[in-house]
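A.B. asks: Predicted structure and sequence below. I'll ask about it afterward.
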Amino acid sequence: MRYFWLVLGILLLSVSVLLAQDVQTTIEDVLAEYAEEDGPAVAVQLTTPEGTWVVTSGLADGSRPTVADDRFRIGSMSKTYVAVVALMLVEDGIFDLDDTAAEWLPDEVVENIANADVVTIRQLLAMRSGIEDYLAEDAFWEAVADDPSHEWTAAEAVQYAYDLPALFAPDAEFYYSNTNYLLLQLVMENATGTPLHQLIRQRLIEPLGLSNTYTQVSESMPGGFVDGWGYFNDDLENLTDVNDGAGLADGGIISTVGDVTTFYLALLQEQSLLDDAMMSELLNFVDDGEGAAYSLGLNLGESDVGPVWGHTGSVLGFMSAGSYLPEEDVTIIVLSATEDIDPEEVAEAILEAVLD
């Protein structure tokens, strides 16, 4: 991540955008270096003040060529959506960022997860709870292997963090733990009496007209999403139907490059989704101790031309990356249906080729 933002900053020191057709051709040529025409699906959308370009590659389902409206699992990029809805609930007075999560968590969860009795909603959003990541536990992956089609609930998945020691006191450090967002899902659902997928739909999907976006498992759409390829066992295989906790708050959204771009522009360019106070909270980044920073469901990278805001994602068979550069007004979204193609590397190569 740090190298990516550094290279990106150098590239953008003097920006000159090619003619529209040249940009399209250039992106196609770069993507061809990473993705094969008969390989898994990949989609890219680049948006600058000069225009928008969408390029796809690969096969959506093993036979049909990928198109711009094909849907991908976006993994942890979903956390930004969940965080924005949580901040909207703060605006509505449902809870405060510094309320303890225990006020809305089931007693069983509070009793069995270290720090759950004292951690705040803010600390969960900011990855500063000290609570271990349930995805780091072999027992969870053994359960997935035993029943790959099981449809997990947040209450079930969070049990894999039971009885694990706290890593540190809340707010003492940064540690990226997916358990935080499972706990947030329970908090948001119990505080509102509304399932998380409905909150996301009511607050974001419908108002923004994200017609190709939905929460996996809880919702579905005709045509579904592209096949995802990865290494759940030793060999590259189709993992589309393997449920690794799909549909939960830590990585449950299905979307397209166009819909993700619309969300990023509304949130980060127009800044029209949150009021000034909550937008300030979203952009209040704290050093993560690893050379970057994190706020409330959003990453910060530093470049020579200023900040880069966004998030990445990785789930079985899918990888994703989204970036917005506020001082250049450039957005790039890369969605990959294979673990063999790193979307950050693709984004870097495209920007290097298109911008000089």
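C.D. replies: Perfect, I can see it now. Numbering: from 1, shown residues only.

A.B. asks: Any buried residues in stretch 261-274, and which?
C.D. replies: Thr261, Thr262, Phe263, Tyr264, Leu265, Ala266, Leu267, Leu268, Leu273, Leu274 (16 or more other Cβ atoms under 10 Å). For every residue, glycine as well, the C-beta is placed using N, CA and C.

A.B. asks: which residues touch the last one?
C.D. replies: Residues in contact with Leu274, defined by Cβ atoms under 8 Å, 6 or more residues apart in numbering, are Val84, Leu87, Met88, Glu91, Leu267, Leu282.

A.B. asks: Spatially, which two of those are the most separated?
C.D. replies: Glu91 and Leu267 (14.1 Å; Cβ to Cβ).

A.B. asks: Which members of the contacts of Leu274 are classed as buried?
C.D. replies: Among the contacts of Leu274, the ones that count as buried by 16+ other Cβ under 10 Å are Val84, Leu87, Met88, Leu267, Leu282.

A.B. asks: ok, back up a step: now the buried residues of stretch 261-274 in JSON lines, with pLDDT, distance to Ile254 and secondary structure?
C.D. replies: Below are those laid out as JSON lines (pLDDT from 0 to 100; distance: Cβ to Cβ, whole Å; DSSP: H, G, I helix; E, B strand; the rest coil):
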{"residue": "Thr261", "pLDDT": "98", "distance to Ile254": "15", "secondary structure": "helix"}
{"residue": "Thr262", "pLDDT": "98", "distance to Ile254": "15", "secondary structure": "helix"}
{"residue": "Phe263", "pLDDT": "98", "distance to Ile254": "13", "secondary structure": "helix"}
{"residue": "Tyr264", "pLDDT": "98", "distance to Ile254": "16", "secondary structure": "helix"}
{"residue": "Leu265", "pLDDT": "98", "distance to Ile254": "19", "secondary structure": "helix"}
{"residue": "Ala266", "pLDDT": "98", "distance to Ile254": "19", "secondary structure": "helix"}
{"residue": "Leu267", "pLDDT": "98", "distance to Ile254": "18", "secondary structure": "helix"}
{"residue": "Leu268", "pLDDT": "98", "distance to Ile254": "21", "secondary structure": "helix"}
{"residue": "Leu273", "pLDDT": "98", "distance to Ile254": "20", "secondary structure": "coil"}
{"residue": "Leu274", "pLDDT": "98", "distance to Ile254": "24", "secondary structure": "coil"}
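
A.B. asks: and of those, the nearest to Ile113?
C.D. replies: For the buried residues of stretch 261-274, the nearest to Ile113 is Leu274 (28.9 Å; Cβ to Cβ).

A.B. asks: List phi and psi for that closest one.
C.D. replies: phi -120, psi 160 (degrees, to the nearest 10).

A.B. asks: now the strands for the stretch 201-350 of the chain?
C.D. replies: Counting by DSSP state E, counting those that start in this stretch, the stretch 201-350 of the chain has strands at residues 214-215, 229-230, 237-238, 253-255, 286-287, 293-294, 299-303, 306-315, 318-325, 330-336.

A.B. asks: Show the secondary-structure elements that the fifth one is packed against.
C.D. replies: Think strand 286-287. For strand 286-287, the contact count by 3 or more Cβ pairs under 8 Å, 6 or more residues apart in numbering; DSSP states H and E identifies strand 293-294 as packing neighbours.

A.B. asks: partner strands of the strand it packs on, parallel or antiparallel?
C.D. replies: Here strand 293-294 is paired, per DSSP bridges, with strand 286-287 (antiparallel), strand 299-303 (antiparallel).

A.B. asks: Hmm, Pro195 is touching Glu189, no?
C.D. replies: Yes: contact criterion Cβ atoms under 8 Å: Pro195 and Glu189 qualify, at 5.9 Å.

A.B. asks: low pLDDT regions in the chain?
C.D. replies: The model of the chain has pLDDT under 70 over residues 1-18, 303-306, 356.

A.B. asks: so how far is Thr100 from the spatially most central residue of it?
C.D. replies: In the chain, the centroid-proximal residue (Cα atoms, centre = their mean) is Met77; its distance is 0.7 Å. Separation of Met77 from Thr100 (Cβ to Cβ, to the nearest Å): 28 Å.

A.B. asks: and if you look at Tyr264?
C.D. replies: Distance from Tyr264 to Thr100, by Cβ to Cβ: 31 Å.
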